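Peer 1: Please find the sequence and the predicted model below.
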Amino acid sequence: MLTFSSLLVLLSTTNLAQAQSDPVVTASSTYDSRYLPTNIFDGSCETSWNSGGYPVAWIQAEFDEPREISGVIAHTTQVPLVAYTVHEISVDGQLVHTWAQVTETKTNIEALFDVPVIGRTVRVTTVQSPSWVGWREINFYFADGTSYPGIAECLGFVLDDADDDGVLDASDNCPDTPNPGQDDRDFDGVGDVCDICPFDPGDDSDGDGSCDSSDPCPYDPDDDADADTVCGDVDMCPDTLDIYTVDQDGCDMVQTLAAVCPCDARNHGAYVSCVGSALSAAVAEGRIGQRDRGAYQSAAARSDCGK
């Protein structure tokens, strides 16, 4: 399998300047004369092409004769600075690679072909992005060891592939685990092979070993410690004893009465009246029945609260 390390060895022993004559560079559109299509082949990552619009937009290079293309590396420019984007590489109209991943402005994405793709015209089409479409630099690598336009400074420092999967570390969503397909089914920027929760973009928010999508309490590592069906992160009464009279805040009837009708009421009658109103509401909500209401009301009447 072709890797960037082997590609660099080949490139280091041959002419990196550029592949024969300059290609004809065209684009779907251009914002203005500061952002010309040819900027992406000038060897500088301080200049860029900008289409002046949103997807779909494309830029292409047409060489004077068919070339054996073994790789493409591109330096991004976008706003929002980090976003999920989709870009397609085609050679002579045939789709040969798709970048579908979270990209960040001023970083590199690349594609390597195990078998060189032969053609004259290479087009990069942006089909999905929240940003206007543009690139700072694009570089083509050829099977004969040449490249066009040559390794720009902003592209050269990332030519590492620690897991030898053909994807550069800088854009590899699992840089230490081989995954040439870069599958990321939950689109969280972490590849499936190294994602603890490959179907869940939130992964394991509370760190309890259960993925959010299957965790009954995704933000509560204790998963409802008092078993009152209200998760601890929103439970106003995390030490509930009577789980059968719990309200939406996780408080049982005793806890509710203590909060609504404090024992230091101005007088005993006011306290008993408050308890009666709270119990009526609880009955209406279905938290308690009439028998329980009578028991709570009698307990309030016998109490010293408000005396």
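Peer 2: Received it, and whenever you're ready, just let me know what you need. Numbering: from 1, shown residues only.

Peer 1: Tell me the helix or strand right after the helix or strand where residue 120 lies.
Peer 2: Taking DSSP states H and E as the criterion, residue 120 maps to strand 108-128. Reading on from strand 108-128 to the C-terminus, the next helix or strand found by DSSP H and E is strand 134-142.

Peer 1: Which strands or helices does that next one pack on?
Peer 2: The contact analysis (3 or more C-beta pairs under 8 Å, 6 or more residues apart in numbering; DSSP states H and E) places strand 134-142 against strand 49-50, strand 57-76, strand 108-128, strand 147-148, helix 153-156. Placement of C-beta: from N, CA and C, glycine included.

Peer 1: how about 6 Å then?
Peer 2: Under the contact criterion of 3 or more C-beta pairs under 6 Å, 6 or more residues apart in numbering; DSSP states H and E, strand 134-142 touches strand 49-50, strand 57-76, strand 147-148.

Peer 1: Within the sheet, what are the partner strands of that strand, with directions?
Peer 2: Using DSSP bridges, the strands paired with strand 134-142 in its sheet are strand 49-50 (antiparallel), strand 57-76 (antiparallel), strand 147-148 (antiparallel).

Peer 1: where among those is the average confidence lowest?
Peer 2: The weakest mean pLDDT among those belongs to strand 147-148, with a mean of 81.

Peer 1: For that strand, what is the distance to the chain centroid?
Peer 2: Computed by C-alpha atoms, centre = their mean, to the nearest Å, the chain-centroid distance of strand 147-148 equals 32 Å.

Peer 1: Extract the C-alpha set from stretch 185-203 and format it as CSV.
Peer 2: Below are the C-alpha coordinates for stretch 185-203, written out as CSV (Å, rounded to 0.1, in the frame of the first residue of the first chain):
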residue,chain,number,x,y,z
ARG,A,185,-20.9,7.2,11.5
ASP,A,186,-21.8,9.7,14.3
PHE,A,187,-19.9,12.6,12.7
ASP,A,188,-18.2,13.5,15.9
GLY,A,189,-14.7,13.8,14.4
VAL,A,190,-13.5,10.5,15.9
GLY,A,191,-13.2,7.5,13.7
ASP,A,192,-15.4,4.5,14.4
VAL,A,193,-12.4,2.2,15.1
CYS,A,194,-11.2,4.3,18.0
ASP,A,195,-14.6,5.8,19.1
ILE,A,196,-15.9,4.3,22.3
CYS,A,197,-19.4,5.1,21.1
PRO,A,198,-19.3,5.0,17.3
PHE,A,199,-23.0,5.5,16.9
ASP,A,200,-23.3,8.3,19.5
PRO,A,201,-21.8,11.8,18.8
GLY,A,202,-22.1,12.6,22.6
ASP,A,203,-20.0,9.5,23.4
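
Peer 1: Endpoints of stretch 75-92, how far apart?
Peer 2: 22 Å (C-alpha to C-alpha, to the nearest Å).

Peer 1: correction: stretch 247-255
Peer 2: 10 Å.

Peer 1: Now do the strand holding residue 120 against strand 134-142, angle only.
Peer 2: Here strand 108-128 runs at an angle of 120 degrees relative to strand 134-142 (axes from the mean of the first three to the mean of the last three C-alpha atoms, to 10 degrees).

Peer 1: out of the helices and strands packed on strand 134-142, nearest to residue 238?
Peer 2: strand 57-76 (46.4 Å; C-beta to C-beta).

Peer 1: For the helix or strand just after that closest one, which strands pair with it and how are they oriented?
Peer 2: Using DSSP H and E, the helix or strand that follows strand 57-76 in sequence is strand 82-91. If you go by DSSP bridges, strand 82-91 pairs up with strand 94-104 (antiparallel), strand 108-128 (antiparallel).

Peer 1: Need the contact partners of strand 82-91.
Peer 2: Here strand 82-91 makes contact (C-beta atoms under 6 Å, 6 or more residues apart in numbering) with 72, 95-100, 102-104, 111, 117, 119, 122-130, 187.

Peer 1: Go through it and flag the buried ones.
Peer 2: 84-85, 87-91 (16 or more other C-beta atoms under 10 Å).

Peer 1: now stretch 273-292
Peer 2: Neighbour-count burial for stretch 273-292, counted by 16+ other C-beta under 10 Å, picks out 274-276, 278-279, 282, 287-288, 292.

Peer 1: And stretch 202-222, by the same measure?
Peer 2: For stretch 202-222, using 16+ other C-beta under 10 Å, the buried residues are 203-206, 210-212, 215, 217-218, 220-221.

Peer 1: what's the answer for stretch 28-39, then?
Peer 2: Residues of stretch 28-39 classed as buried: 28, 30-31, 35-39 (neighbour count, 16+ other C-beta under 10 Å).

Peer 1: what's the spacing between residue 107 and residue 169?
Peer 2: 11 Å (C-beta to C-beta, to the nearest Å).
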